[in-house]
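>>> turn this into a structure:
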Amino acid sequence: MAELINLRRARKAKGKAEMAKTAQANRALHGTPKAAKKLAKARTEKAEQALSGHRLEPDK
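Now for the predicted structure:
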């Protein structure tokens, strides 16, 4: 015989799982200190600047 499930409980469990996933993403996004965000941005900008400095310009 098939396993009986309570649809209300299944729906609530699914909703809680989605909320937990969203909360985890928000903690990662909003939980980083300002200094860490600034450092990551500076590293990204420096890498982009170094890459663009090594690009060859096409002859005109």
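
>>> separation between Lys41 and Glu48?
With the distance defined as Cβ to Cβ, to the nearest Å, Lys41 ends up 11 Å from Glu48. Quick note: C-beta positions are derived from backbone N, CA and C, even for glycine.

>>> go on, Lys37?
With the distance defined as Cβ to Cβ, Lys37 ends up 17 Å from Glu48.

>>> and the pLDDT for Gly15?
Looking at Gly15, its pLDDT reads 97.

>>> quick check: which element contains it?
helix 7-30 (DSSP states H and E).

>>> tell me the helix or strand right after that helix.
Following helix 7-30 in sequence, per DSSP H and E, is helix 34-53.

>>> tell me what angle that next one forms with helix 7-30.
70 degrees (axes from the mean of the first three to the mean of the last three Cα atoms, to 10 degrees).

>>> for helix 34-53, packing partners?
In this structure, helix 34-53 makes packing contacts with no helix or strand, judged by 3 or more Cβ pairs under 8 Å, 6 or more residues apart in numbering; DSSP states H and E.

>>> tell me the spacing between the residue most central in space within the chain and Lys41.
The structure's the chain has its C-alpha centroid closest to Ala25; by Cα atoms, centre = their mean the separation is 5.9 Å. Counting by Cβ to Cβ, the gap between Ala25 and Lys41 amounts to 19 Å.

>>> now swap in Ala47 and tell me
Distance from Ala47 to Lys41, by Cβ to Cβ: 11 Å.
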